[in-house]
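*Asks:* Sequence and predicted structure below; questions after.
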Amino acid sequence: GENVEQHPSTLSVQEGDSAVIKCTYSDSASNYFPWYKQELGKRPQLIIDIRSNVGEKKDQRIAVTLNKTAKHFSLHITETQPEDSAVYFCAATGAAGNKLTFGGGTRVLVKP
Amino acid sequence: GAGVSQSPSNKVTEKGKDVELRCDPISGHTALYWYRQSLGQGLEFLIYFQGNSAPDKSGLPSDRFSAERTGGSVSTLTIQRTQQEDSAVYLCASSLDPGSEQYFGPGTRLTVT
């Protein structure tokens, strides 16, 4: 089955700096890669996603890149703000779309 | 419109007791998923329902876990003879169809004492 690895597990950045989180996946048939943000005690919320037919997607300060050949994808947050502090999860789903396999999460702390 | 709802929000039970967790998906969503999140950990897939198809139970950790979805809407996750290692937040999600964005409910925090 699918296996998703996520790095780093924790990330501390200064406000205004960029944050990058990287994930690798094992199933070459995976075709949908969402990123979720989870604040303490809250439910995961989708912040951006990418499908396997594109290499990059951007939404304001966040962007995701996908390298299908290398089977890895990354989340980029620019001009970080304290409210970006949360746990971020990457995930991948196979062709059937019947479940998400999540990475282990990255705890991001943005220091003011 | 209303999002995914789950009940109860918190459940404390004694080891060995059975528990039922409920999920109300977004109206019209054909796909429903259950995940488990242990403290400080990622999300672990448990089971998936799609329309009238047989559910994908490949993530259920033991035969003490079961789930059903009645009328293609509400789902119930049942854990029999609960163990302390079952303590976690159980999250339900739904999507319009397979491969679409999954919307998560607030979760049920289960504590087995």
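*Replies:* Structure's in. What do you need? Numbering: from 1, shown residues only, chains lettered A, B, ... in the order given.
*Asks:* Look up how far chain A lies from the nearest residue to B:L96 once chain neighbours are set aside.
*Replies:* Sequence neighbours aside, B:H29 is the residue nearest to B:L96 in space, at 5.5 Å (criterion: C-beta to C-beta, 6 or more residues apart in numbering or on different chains). C-beta coordinates here come from the backbone N, C-alpha and C atoms, glycine included. Here the criterion is C-beta to the nearest C-beta, to the nearest Å. By it, B:H29 lies 13 Å from chain A.
*Asks:* wait, doesn't B:H29 sit right on B:P98?
*Replies:* No. Contact criterion C-beta atoms under 8 Å: B:H29 and B:P98 do not qualify, at 10.7 Å.
*Asks:* Quick check: neighbours shared by these two?
*Replies:* Here B:H29 and B:P98 have no joint contacts, going by C-beta atoms under 8 Å, 6 or more residues apart in numbering or on different chains.
*Asks:* who's in contact with the helix or strand that contains A:Q6?
*Replies:* Assigned by DSSP states H and E, A:Q6 belongs to strand A:4-7. By C-beta under 8 Å, 6+ apart, the residues outside strand A:4-7 that reach it are A:21-26, A:89-92, A:101-106, B:42.
*Asks:* Counting neighbours, what do you get for residue 112?
*Replies:* Just going to use chain A. 8 (other C-beta atoms under 10 Å in any protein chain shown).
*Asks:* oops, chain B please
*Replies:* By other C-beta under 10 Å, the residues close to B:V112 number 19.
*Asks:* Adjacent strands (with direction) for the host helix or strand of A:V20?
*Replies:* Using DSSP H and E, A:V20 falls within strand A:19-25. Here strand A:19-25 has these sheet partners by DSSP bridges: strand A:4-7 (antiparallel), strand A:72-77 (antiparallel).
*Asks:* ranking the ones you listed by burial, who's on top?
*Replies:* Of the strands paired with strand A:19-25, the one with the most neighbours on average (mean count of other C-beta atoms under 10 Å in any protein chain shown) is strand A:72-77, at a mean of 21.
*Asks:* got a list of contacts for that strand?
*Replies:* A:18-25, A:33, A:35, A:48, A:50, A:61-67, A:84, A:88, A:90, A:108.
*Asks:* Sheet partners, orientation included, of the one helix or strand A:T65 maps to?
*Replies:* Using DSSP H and E, A:T65 sits within strand A:62-67. Using DSSP bridges, the strands paired with strand A:62-67 in its sheet are strand A:56-59 (antiparallel), strand A:72-77 (antiparallel).
*Asks:* follow-up on the earlier one: can you pull the contacts of the residue nearest to B:L96?
*Replies:* Contacts of B:H29 (C-beta under 8 Å, 6+ apart): B:94-96, B:103.
*Asks:* repeat that for 6 Å
*Replies:* By C-beta atoms under 6 Å, 6 or more residues apart in numbering or on different chains, the contact list for B:H29 reads B:94-96.
*Asks:* is it true that it lies in a strand?
*Replies:* No. Counting by DSSP: H, G, I helix; E, B strand; the rest coil, B:H29 is not found in a strand; it is coil.
*Asks:* middle-most residue in chain B, spatially?
*Replies:* With distances taken as C-alpha atoms, centre = their mean, the residue of chain B nearest its centroid is B:W34 (3.5 Å).
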